[in-house]
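In: Turn this into a model:
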Amino acid sequence: MLSIERVVSNKGNGDIVKEIITRDVDPEIKELNLIRHRILRICQFENTPKIENLSLRWNLLKKVPDVQCLSALTHLNLNDNQIEKIENLETLSNLEFLDVSYNRITKIEGLSGLAKLKELHLVHNKIVVIEGLEENTCLEYLELGDNRIRKIENLGHLSKLRRLFLGANQIRKIENLDELSTLRELSLPGNAIQVIEGLDKLSGLRSLSVAQNGIRKIDGLSGLTSLVSLDLNDNIIEKLENVEQFKGVTNLMLRKNKLDSWHDLYQLLEMKELTALTLEMNPIYSSDYTYRNRMKQILPEIKILDGFPTTWRQGDAYQQLDSDFYDVFERLATAHDF
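Out: The predicted structure is shown next:
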């Protein structure tokens, strides 16, 4: 049996009607989802000690519930609440997944007891500094997008980290990543980065996104010998150059830059693995007919251009796709299997 305080109605004038209810729950239950129940507080988890997967997302929680008695818990989802502090988790030694995104957290803390934590989501909070992860050496997936972070730091000890997401922050420099030899995906869109640097030691990196920054030059990629996906969308790149630094890329995205030379595009012929290319919203685009046909002439081996098959005819919704079209998508998906 759980005790739950929740909002019954909100008249919009500050007059909130609440109620406290009890909910019978099978003490043997291993998974519990209480999504969008307008819960303010929930307690008495000692009556359900075998829960392994608990989701309380999309509620009105202001504090992390006291779940320390749930020693079997491996997955905890507190996404989309009103939580201001990470707490009451220290004893959850088996926790592997934690999502506290879309809350009001200002500091990464309270995670020192989570020695088995593999996946941590803290998107859309108010975090300024990357810290508090010293004991979480099993982390493989870290998502800190849409916060107020200014510097990449305090991650060198995460020797198992494979995926790192830091988009929509205030980062100006790519740095302090040399020790992350297991990193396979790095996502940094929507920051204030002007130069691609600090990646020389990440030879295992397969996917890199530096979209929506202030990058003017394609460079600093020579150490990324395993790279298959490169996202440079929405920057201010004027010249296509240094293609030899990322010859193995299968998916190249350069939408909405300043590329105005058709001649530069011939360099892409050196990229023997290139399958998907995004170039829309560059100055080279004049009309869809001219643009797509000229691209097919320059790069006849490209299968997907700006998200459509190169054989696609505008205005014909019932046209038959090439027999290998879905195979192309499958190969691209396999290439991004981290």
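
In: Just the residues contacting stretch 17-27, thanks.
Out: 1-11, 32, 40, 47-50 (Cβ atoms under 8 Å, 6 or more residues apart in numbering). Yep, even glycine has a C-beta here, placed from its N, CA and C like the rest.

In: at 7 Å instead, please
Out: 1-9, 32, 40, 47-48 (Cβ atoms under 7 Å, 6 or more residues apart in numbering).

In: Could you do stretch 47-56 as well?
Out: By Cβ under 7 Å, 6+ apart, stretch 47-56 touches 1-2, 25, 27-35, 39, 42, 67, 69-70, 72-78.

In: Restricted to buried residues, select the contacts of stretch 17-27 in PyMOL.
Out: Selection of buried members from the contacts of stretch 17-27 for PyMOL, criterion 16 or more other Cβ atoms under 10 Å:
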select buried, resi 2+4+6+32+40+48
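
In: In terms of secondary structure, what does the helix or strand hosting Arg6 contact?
Out: Per DSSP states H and E: Arg6 is located in strand 2-10. With contacts taken as 3 or more Cβ pairs under 7 Å, 6 or more residues apart in numbering; DSSP states H and E, strand 2-10 sits against strand 16-23, strand 39-43.

In: Given that strand, what are its sheet partners and their directions?
Out: strand 16-23 (antiparallel), strand 39-43 (antiparallel) (DSSP bridges).

In: The last one: which residues count as buried?
Out: When neighbours are counted by 16+ other Cβ under 10 Å, the buried residues of strand 39-43 are found to be Ile39, Leu40, Arg41, Ile42.

In: Looking at the residues you listed, spot the one nearest Met271.
Out: Nearest to Met271, judged by Cβ to Cβ, of the buried residues of strand 39-43 is Ile39 at 52.0 Å.

In: From Leu40, how far out is the nearest residue to the closest one once chain neighbours are set aside?
Out: Among residues not flanking Ile39 along the chain, Asn59 sits closest, at 4.1 Å (Cβ to Cβ, 6 or more residues apart in numbering). From Asn59 across to Leu40, the span is 8 Å (Cβ to Cβ, to the nearest Å).

In: Same question for Ser159.
Out: Taking Cβ to Cβ, one finds Ser159 at 40 Å from Leu40.

In: list the contacts for the residue nearest to Ile39?
Out: Contacts of Asn59 (Cβ under 7 Å, 6+ apart): His37, Arg38, Ile39, Asn81.

In: now the helices: where do they sit in the chain?
Out: Remark: helices assigned in the chain by DSSP state H are 288-298, 325-335.

In: of all those helices, which has the lowest average per-residue confidence?
Out: Note on the helices of the chain: helix 325-335 shows the lowest mean pLDDT, a mean of 67.

In: wouldn't Asp264 be in contact with Glu238 here?
Out: No. Using Cβ atoms under 7 Å, Asp264 makes no contact with Glu238, being 9.5 Å away.

In: Please read off the pLDDT at the residue nearest to the spatial centre of the chain from the model.
Out: Centroid-nearest residue in the chain, with Cα atoms, centre = their mean: Phe165, separated by 4.7 Å. The model reports Phe165 with a pLDDT of 98.

In: what is it paired to in the beta sheet?
Out: Where Phe165 sits in a bridge, its partners, by DSSP bridges, are Glu143, Ser187.

In: let's have the chain start at 32 instead
Out: Got it, the first residue is 32 from now on, which makes the last one we talked about Phe196.

In: can you tell me which residues contact it?
Out: Neighbouring residues of Phe196 by Cβ under 7 Å, 6+ apart: Glu174, Leu175, Gly176, Ser218.

In: What of Lys116?
Out: Contacts of Lys116 by Cβ under 7 Å, 6+ apart are Ile136.

In: what's the distance between it and Asp358?
Out: 49 Å.

In: got it, and Ala223?
Out: As judged by Cβ to Cβ, Ala223 and Asp358 stand 39 Å apart.

In: Ok, Leu219 next?
Out: 31 Å.

In: cool, Ala103 as well?
Out: Taking Cβ to Cβ as the measure, Ala103 falls 43 Å from Asp358.

In: So for these two, which sits in the more crowded spot?
Out: Ala103 (15 against 11; other Cβ atoms under 10 Å).

In: Identify the residues contacting that one.
Out: Lys81, Ile82, Glu83, Asn125.

In: residue boundaries of the strands in the stretch 82-231 of the chain?
Out: 84-86, 106-108, 128-130, 150-152, 172-174, 194-196, 216-218 (DSSP state E, counting those that start in this stretch).
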